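Colleague: Structure of the sequence below:
(one chain, ligands or ions: 1)
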Amino acid sequence: MQKQKIFICGISTECCSYSTLIQDENDFEILSGNKLLKYIDFNYSKYKNITFISSKFYRSLPGGPVDKKFFLKTIQNIKNDLKKNTSIDGILFLMHGAMYVKGINDPEGFFIEKIRSKVSKNCKISLSYDLHGQMTDTIIKNINYFAAYKTAPHIDVKQTYFRAIKMLINGILKNKKNHIVWEKIPVLVSGEMSSTIVEPCKKIYKNLNKFNKLKGINDCNLLIGYVWADAKRATASAIVNCNDVTVGKKICKKIALSYWNNRFKLVYDMQSYKLNKIFNVINNKKFTILADSGDNPTAGGVGSRIDVLEHVFKNNIENTLFAGIFNEEIFRKLKNKKNKIVIKDTISKKKISLAIDKYYLKNDNAILSSNNNTIIFTKYRKPFHYLSDFKELNINLKKYKILVVKSGYLSPELKKLKADNFMILTDGFVTQDFKRIKNFFREKPIYPFQKNFRFNINI
Ligand SMILES: [Zn+2]
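Modeller: Below you'll find the model as predicted:
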């Protein structure tokens, strides 16, 4: 018997349309060959009748818009890989779903459509997504199976890949029927307001698993969407894989309504304060973590802003660790080893002069001490979400009273420290102050940008 073939490819990033940093090939890592298969970590050997063909998976840290030329090149490169293979039975796409490419309204839809056009109509397509992704009719039209993360912070990435692959395998080997139905939900909030470890999303997402057990339902999903892109397609959505369309539609509407009905309860998972208030609130005797949310690189912020740094130095606050601030220029300046250094942020146009008490360089980071504070400057945009990020730089968190990270909700590892923690509502491309977000292309009405309107949906 001839083996069936599954082709694996994708592109994954989250793009803040307000950011001035354009992402290109320097920002993306390419996983291919065995590296990609190993990364997905699926139990391939269980399926002896299937050959898994690993093409290219482009991924990057969230940032600004993706350069159009580069984006088109990624599609061409994958098409070239596809040409080397005949009679593909299935494609697994690994995508985030919140990409922004100037001039292309629905980049994920465009990407999938272009690649799908090169295979036979019988080839089945499965899509794995981040729950902060956006759905469109073009995507639905071009896929047969869909699976999105059900946790934020995301701790079910691999499980989501497995769901998407298993549906695809069942479709190919057993010809199992699947239809996808979806509903737009006119709600668009930040990830920080829709964490699945707290209510109301905790329960809403738990219910997805309950719905999955119903006859006629294969796999239920809810997308929160991505708020920092001024795009027409940006909304939340419910997406249901089903073999009974009537039941599927009913459950899809139920999921959509459960999210809509809870929209007023979508609030930050952390206590949040403006920068000028936060240092009056914290308990000086306890270790405290502050999340500089407006400049969070994992949401698409640049990570170079010095608003909090400036505030700390102006107010003579000590024992603070900044992890980290993206600033390439500082590495050149430090070579001259002056006892003072001027830090400039081209995004906020702020600058600050710091006395250098001491500094050392490690793994593309400059760790600088000044006035009893420590600042980690990074050569590349980088979040500090793991305890190993600090360990690698020989930094002992216990030495500090305050840790400032560029983040929204805290990463699971930082949360485990059980420190007091607050979100600072700072300025930046991914500000949590939605009133300041430009809104030209997004559909209206959409909560919370508009508040008094009805959601016309009937079950
Ligand atoms: Zn996400």
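
Colleague: alpha carbons only for contacts and neighbour counts from here, please
Modeller: OK.

Colleague: just the strands in the stretch 301-450 of the chain please.
Modeller: With DSSP state E, counting those that start in this stretch as the criterion, the stretch 301-450 of the chain has strands at 320-326, 340-345, 350-355, 358-362, 365-370, 373-378, 402-405, 420-424.

Colleague: State the mean pLDDT of the first one.
Modeller: Same thing as strand 320-326. Averaging pLDDT along strand 320-326 gives 97.

Colleague: quick check: angle from that strand to strand 340-345?
Modeller: Here strand 320-326 points in a direction 60 degrees away from that of strand 340-345 (axes from the mean of the first three to the mean of the last three Cα atoms, to 10 degrees).

Colleague: Strand 320-326 packs against which elements?
Modeller: strand 373-378, strand 402-405 (3 or more Cα pairs under 8 Å, 6 or more residues apart in numbering; DSSP states H and E).

Colleague: With mean pLDDT added, can I get those strands in JSON lines?
Modeller: Compiled in JSON lines, those are given as follows (pLDDT from 0 to 100):
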{"stretch": "strand 373-378", "mean pLDDT": "98"}
{"stretch": "strand 402-405", "mean pLDDT": "98"}
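
Colleague: Which one, of those strands, ends up nearest to residue 254?
Modeller: strand 402-405 (37.9 Å; Cα to Cα).

Colleague: What is the burial count for residue 204?
Modeller: Residues near residue 204, counting by other Cα atoms under 10 Å, number 18.

Colleague: repeat for residue 317
Modeller: Neighbours of residue 317 (other Cα under 10 Å): 15.

Colleague: Distance of it relative to residue 357?
Modeller: In this view, residue 317 and residue 357 are 16 Å apart by Cα to Cα, to the nearest Å.

Colleague: what's the answer for residue 323, then?
Modeller: 18 Å.

Colleague: how near is residue 362 to residue 207?
Modeller: Counting by Cα to Cα, the gap from residue 362 to residue 207 is 46 Å.

Colleague: neighbour count winner among those two?
Modeller: The neighbour count for residue 362 versus residue 207, taken as other Cα under 10 Å, is higher for residue 207 (14 against 11).

Colleague: For the nearest residue to residue 360 once chain neighbours are set aside, list the residues it contacts.
Modeller: Spatially, and ignoring its direct neighbours in sequence, residue 360 is nearest to residue 367 (5.4 Å; Cα to Cα, 6 or more residues apart in numbering). When contacts are counted by Cα atoms under 8 Å, 6 or more residues apart in numbering, residue 367 is found next to 359, 360, 361, 374, 375, 376, 377.

Colleague: what do you get for residue 405?
Modeller: 289, 290, 291, 292, 322, 323, 324, 383, 384.

Colleague: Which strand residues bridge it?
Modeller: Using DSSP bridges, the bridge partners assigned to residue 405 are residue 291, residue 323.

Colleague: The nearest residue to residue 366 once chain neighbours are set aside and residue 155, how far apart?
Modeller: Leaving aside its sequence neighbours, residue 366 sits nearest to residue 377 (Cα to Cα, 6+ apart; 5.1 Å). For residue 377, the distance to residue 155 equals 28 Å [Cα to Cα].

Colleague: Who has more neighbours out of the two?
Modeller: The neighbour comparison of residue 377 against residue 155 (other Cα under 10 Å) goes to residue 377, with 25 against 12.
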